[in-house]
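A.B. asks: Sequence and computational prediction follow.
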Protein chains: 2
Amino acid sequence: MDAETRAEILEATNRALCEHGYAGLTVQRIADEASVTSAAIHYHFDTKEELLNAFLDDLIGRFESELSCESADPRTRLNTVLDAVFSPKNPEADGFPVAVMELKAQAPYHELFRERFLDFDGVMREVVADIVRDGVAGGEFDETDPEKIARLITTMSNGAHARVVALDEYPAETRRIVEDALELHLGWTPGEGADG
Amino acid sequence: MDAETRAEILEATNRALCEHGYAGLTVQRIADEASVTSAAIHYHFDTKEELLNAFLDDLIGRFESELSCESADPRTRLNTVLDAVFSPKNPEADGFPVAVMELKAQAPYHELFRERFLDFDGVMREVVADIVRDGVAGGEFDETDPEKIARLITTMSNGAHARVVALDEYPAETRRIVEDALELHLGWTPGEGADG
């Protein structure tokens, strides 16, 4: 399958998940959304589970790249993480929280989905812990446990995600609370970077 | 319907949701779990949505009663909330997080479910904010914004819930992080009450 068709099928998976929910998701409906035949999808993905695993993998990969930035300043890097998590800019991503929430609810029944979420959680916590470690070493942040800060931000991100889906609440509400907590833990005002 | 039958049907709904997922949930499967006829269920609940709404209502009502305690000490009351949220004792409740996560994922498609989650969120935040307000007024806690603390605990609770389901992680992991943050915000060490 060429990369373009694959990307189109994964986009269509998101739309079909949002429109029909996991309960109503069929390969035929994804094929209809992607304007390909269901045989074409089955040719590349043996099962619906494999297709959804690829969908998650793709989504998580893109999100991971948003978490990282080139700056050497831990404050700028942490701001980048907060932006990616609590102020997503990509309007195309609007439906993703609903689709991902469906798959989180399916994790107890699908080991593949659970593995993807565990991978992603590990990466996100590592990115944040590295930033905090660097900031403590460089004196930008107060002395603190980097793993603990990583857990705080990651769990608040999980909470914000659930609130978007279940309550239709904008994640900026959660961002304010995270920023206040970070100020106390790190002695740093989020939003401030190298020039702050 | 007598209260016992109703309770049995709602218990059966939880088991059926956990076993089959929302995708595979049918009134017949709930009836099988409850050892009643599907006609008996349809007699009392017009639709599957109404049955699930009653299930949520029941579950939330029981959880709300766990959040409150008779003590006058805000520290004891806040410990009670932390216990109810992050250290649930009722082993019967083991399957509930999965069932509730399924329904959260359905909230964008079912206004009734969304309303239940919004109700519950409002109650939980109010309970916590009242406790913090009392504690600040009485000098047990440092000066802080009670609404902000309520949001912190509630959002961490949402995050812990998602982590139980998606990652199979015990909520005690989240409790440690919440307690550290509360210590900084309130100048109070969770676990300490009137005698602490």
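C.D. replies: Nice, thanks for sending it over. Numbers count the residues shown, from 1 in each chain, chains lettered A, B, ... in the order given.

A.B. asks: list the buried ones in the longest helix anywhere in chain A?
C.D. replies: The helix that spans the most residues within chain A, counting by DSSP state H, is helix A:111-138. In terms of neighbour count (16 or more other Cβ atoms under 10 Å in any protein chain shown), helix A:111-138 has its buried residues at A:112-114, A:116-117, A:120-121, A:124-125, A:127-129, A:131-136. C-beta coordinates here come from the backbone N, C-alpha and C atoms, glycine included.

A.B. asks: That one and chain B, are they touching?
C.D. replies: Yes: interface with chain B: helix A:111-138 contributes A:Phe113, A:Arg114, A:Phe117, A:Leu118, A:Asp121 (Cβ under 8 Å from any Cβ of the partner chain).

A.B. asks: Quick check: buried residues in the lowest-mean-pLDDT helix or strand in chain A?
C.D. replies: Lowest by mean pLDDT, DSSP states H and E among the helices and strands of chain A is helix A:3-20, with a mean of 86. Judged by neighbour count (16+ other Cβ under 10 Å), helix A:3-20 contains these buried residues: A:Glu8, A:Ile9, A:Leu10, A:Glu11, A:Ala12, A:Thr13, A:Asn14, A:Arg15, A:Ala16, A:Leu17, A:Cys18, A:His20.

A.B. asks: repeat for stretch A:47-61
C.D. replies: Neighbour-count burial for stretch A:47-61 [16+ other Cβ under 10 Å]: A:Lys48, A:Leu51, A:Leu52, A:Asn53, A:Ala54, A:Phe55, A:Leu56, A:Asp57, A:Asp58, A:Leu59, A:Ile60.

A.B. asks: element containing the residue of chain A most remote from its centre, please.
C.D. replies: Relative to the centre of chain A, the most outlying C-alpha is that of A:Ala39, 30.3 Å out, by Cα atoms, centre = their mean. Counting by DSSP states H and E, the element that carries A:Ala39 is helix A:38-44.

A.B. asks: returning to that earlier point: can I get the residues of helix A:111-138 next to chain B in JSON lines including distance to B:Ser65 and pLDDT?
C.D. replies: Converted to JSON lines, the residues of helix A:111-138 next to chain B look like this (distance: Cβ to Cβ, whole Å; pLDDT from 0 to 100):
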{"residue": "A:Phe113", "distance to B:Ser65": "34", "pLDDT": "96"}
{"residue": "A:Arg114", "distance to B:Ser65": "32", "pLDDT": "97"}
{"residue": "A:Phe117", "distance to B:Ser65": "32", "pLDDT": "97"}
{"residue": "A:Leu118", "distance to B:Ser65": "34", "pLDDT": "97"}
{"residue": "A:Asp121", "distance to B:Ser65": "32", "pLDDT": "97"}
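
A.B. asks: Please consider this matter closed, and thank you.
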